[in-house]
Structures are given as structure tokens and as C-alpha cells.
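Novice: sharing a sequence plus its predicted fold:
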Amino acid sequence: MPVQVDINDERPLTDLVADYDIVVNAAGPEWETLVPGLRAAVAAGIHCCDLGADGRTAEQQLALDSTAKAQGVLALIGMGLDPGLDNLLAVHASQQFDQALDLQCCFQSGAPR
């Protein structure tokens, strides 16, 4: 069921994510959403990953490392979308088979000529 929550209002966000096993933060713009999203996940004790790719934002998130570890939270930050989320989807798809002999991911930068 869809819900609407202000990502900068961390108490309701923390309460919301507490009901889940993992938070995947794909909200943007990343510099405004990733740090509050991570703080909420850590406060709720929920594992998380995000699709960020901004180094300055990652530095702010890394400041939460000891708090996340104390909560037992695994946080995958700065994962990006492609590569990143694509890789997770490929691994998930490969686990649907009895046996996977090979898994290859390819990333193309720029438009083909």
C-alpha cells in the first residue's frame, strides 16, 4: 500500500521503515534524501542500500558508520543504479535457477555511434 511521508521528518519515516526487512532508497535528489533515509533506517535497526552516486553525500553517510554498526545495520551506500541495482537484479535472477554457470553484467557509458 503506498504511503506518503516527508523524508526530512525522520520520526514518521523511522516508524514506517521499522516494519520492513530492508530499505532501498531510490528517492532523489540524492543530496536531500539519502542522509535522512539512512538515519531513519539506522534508527529503526533496518538494513538499507541506496542508489546514490555523490561523493559528498557519501561522506555524510559514512559519518553514521559507527552508529549503524552498533545497531547491527548493514548499509550499502553510493551503490548507483547502473551498475549497482542492475547487479543486484542479475544476482536475484540467477538465484531463481537450480544452477547458474555464469553471470555477466555489462555497463555502457554514452550513446553508441
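Specialist: That came through, no problem. Numbering: from 1, shown residues only.
Novice: residues contacting residue 22?
Specialist: Residue 22 sits next to 46-49 when contact means C-beta atoms under 8 Å, 6 or more residues apart in numbering. Backbone N, C-alpha and C define where each C-beta goes, glycine included.
Novice: longest helix in this structure, please.
Specialist: helix 30-44 (DSSP state H).
Novice: mean confidence for that one?
Specialist: Summarised as a single mean, pLDDT over helix 30-44 is 90.
Novice: could you give the number of residues near residue 10?
Specialist: For residue 10, the count of nearby residues is 17 (other C-beta atoms under 10 Å).
Novice: if we can go back for a sec, which positions within the longest helix of the chain qualify as buried?
Specialist: Neighbour-count burial for helix 30-44, counted by 16 or more other C-beta atoms under 10 Å, picks out 30, 33-44.
Novice: cool, stretch 62-75 as well?
Specialist: Neighbour count says stretch 62-75 has 64, 68, 71, 73, 75 buried, by 16+ other C-beta under 10 Å.
Novice: using CSV, lay out those residues together with secondary structure and pLDDT.
Specialist: What follows is the buried residues of stretch 62-75, written out as CSV (DSSP: H, G, I helix; E, B strand; the rest coil; pLDDT from 0 to 100):
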residue, secondary structure, pLDDT
64, coil, 95
68, helix, 96
71, helix, 94
73, coil, 96
75, strand, 93
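Novice: which of the residues you listed lies closest to residue 104?
Specialist: residue 75 (27.3 Å; C-beta to C-beta).
Novice: what sits against that closest one?
Specialist: Neighbours of residue 75 in contact, by C-beta under 8 Å, 6+ apart: 38, 41-42, 47-49, 61, 64-65, 68.
Novice: so which of the residues you listed would you say is closest to residue 92?
Specialist: Nearest to residue 92, judged by C-beta to C-beta, of those is residue 49 at 13.0 Å.
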